[in-house]
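# turn this into a structure:
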Amino acid sequence: MRAKFITLEGIEGSGKTTSIKSINNLLEQKKIRYINTREPGASSMGNELREILLNPNTNISSEVELLLMLADRKDHVEKTILPNLLNDTWVISDRFMDSSIAYQGGGRQLDLSMINSLATYLNLPTPDSTLLFDLPVEIALERTKKRGKLDRFEKEEIEFHNRVRDAYLELANDNPDRIKVIDGTQNLEQVQAKVIENINQLF
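Model (predicted):
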């Protein structure tokens with residue numbers, strides 16, 4: 001079976017990180033090789049770009065933010081995602097291109113046709129499956145505050161996060177075969193059960 005590219009998406013505090021562990025456990029049970037990766041920050045210049053993009057003191061335009069994200073992503077694809085997929089290793093990524101459509105398109109209100117044109121030009125792969133963890137913004141932000149210090153995106157106004165959430169849900173509506181919405185308000189056991197149910201459909 002061909003190696004799969006799985007992405008996890010959602011607003012801040014939606015529960016992506018915990019679910020990656022469940023996916024890892026399932027793949028280990030099936031003796032499937034995999035790697036975990038994330039955006040921003042998994043490219044060869046990732047740590048530097050992640051610090052710039054998430055630092056609350058960073059002052060850059062929405063366009064510069066988008067271009068930095070895309071630079072990180074293109075290098076991520078070339079150095080990590082494609083080599084592993086070609087080596088028959090599954091790739092599970094915490095965020096990918098849908099994040100730019102949601103955050104820079106929805107949140108920052110940049111032109112979506114421009115973002116999609118750039119993605120096409122960069123020849124970015126389409127994930128085999130995307131799990132979108134959805135919950136009301138108010139609940140998500142409460143969770144992020146409990147984690148401690150907020151990053152540059154987490155500090156944005158609630159209207160920004162609502163636009164991001166709306167953009168994600170529109171993406172899911174437009175791509176029902178790829179993007180599976182998981183209700184992040186459910187308890188941990190229910191969420192993980194849905195995660196496993198969706199990943200099992202790839203076998």
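# when you work out contacts or count neighbours from here on, use the C-alpha atoms and nothing else.
OK.
# show me where this structure dips below the pLDDT cut-off.
Low-confidence regions of the chain, defined by pLDDT under 70, span residues 14, 44, 148.
# biggest helix in it, by residue count?
For the chain, the helix reaching the highest residue count under DSSP state H is reported as helix 158-174.
# after that one comes which helix or strand?
Once helix 158-174 ends, the next helix or strand along the chain (criterion: DSSP states H and E) is strand 179-183.
# can you pull up the most central residue in the protein?
residue 95 (1.7 Å; Cα atoms, centre = their mean).
# from residue 9, how far out is it?
Spatial separation of residue 95 from residue 9 under the definition Cα to Cα, to the nearest Å is 5 Å.
# and residue 6, backbone torsions?
With angles defined as degrees, to the nearest 10, residue 6 shows backbone torsions of phi -110, psi 130.
# residue 115 - how many residues pack around it?
Residue crowding around residue 115 was assessed by other Cα atoms under 10 Å; the count is 20.
# double-check that it belongs to a helix.
Yes. Checked against DSSP: H, G, I helix; E, B strand; the rest coil, residue 115 lies within a helix.
# does it touch residue 105 like I think?
Yes. Under the criterion of Cα atoms under 8 Å, residue 115 lies in contact with residue 105, with a separation of 7.3 Å.
# quick check: neighbours shared by those two?
For the pair residue 115 and residue 105, no residue contacts each of them under the criterion Cα atoms under 8 Å, 6 or more residues apart in numbering.
# just the residues contacting the longest helix of the chain, thanks.
Residues beyond helix 158-174 that count as contacts (Cα under 8 Å, 6+ apart) turn out to be 10-11, 98, 101-103, 105-108, 132, 134, 137-138, 178-181.
# give me the buried entries from these.
Neighbour-count burial (16 or more other Cα atoms under 10 Å) applied to those gives 10-11, 98, 101-103, 105-108, 132, 134, 137, 178-181.
# any buried residues in stretch 164-180, and which?
Neighbour counts using 16+ other Cα under 10 Å place 164, 165, 167, 168, 169, 171, 172, 178, 179, 180 of stretch 164-180 among the buried residues.
# shouldn't residue 42 be within a helix?
No. The assignment for residue 42 by three-state DSSP gives coil, which leaves it out of any helix.
# what distance do you get for it to residue 73?
Taking Cα to Cα as the measure, residue 42 and residue 73 are separated by 8 Å.
# equivalent analysis for residue 130, please.
Relative to residue 73, and taking Cα to Cα, residue 130 is found at 16 Å.
# residue 48 too?
According to Cα to Cα, residue 48 stands 13 Å off from residue 73.
# and the two? Which one has more around it.
Taking neighbours as other Cα under 10 Å, residue 48 and residue 73 compare with residue 73 leading, 26 against 13.
# which residues touch that one?
Under the criterion of Cα under 8 Å, 6+ apart, the neighbours of residue 73 are 39, 40, 43, 96, 97.
# pick the one among the buried residues of stretch 164-180 closest to residue 124.
Within the buried residues of stretch 164-180, proximity to residue 124 (Cα to Cα) peaks at residue 178, which comes in at 15.5 Å.
# for residue 163, see how far away the closest residue to that closest one other than its chain neighbours is.
Closest residue in space to residue 178, ignoring its immediate chain neighbours: residue 129 at 5.0 Å, by Cα to Cα, 6 or more residues apart in numbering. For residue 129, the distance to residue 163 (Cα to Cα) stands at 23 Å.
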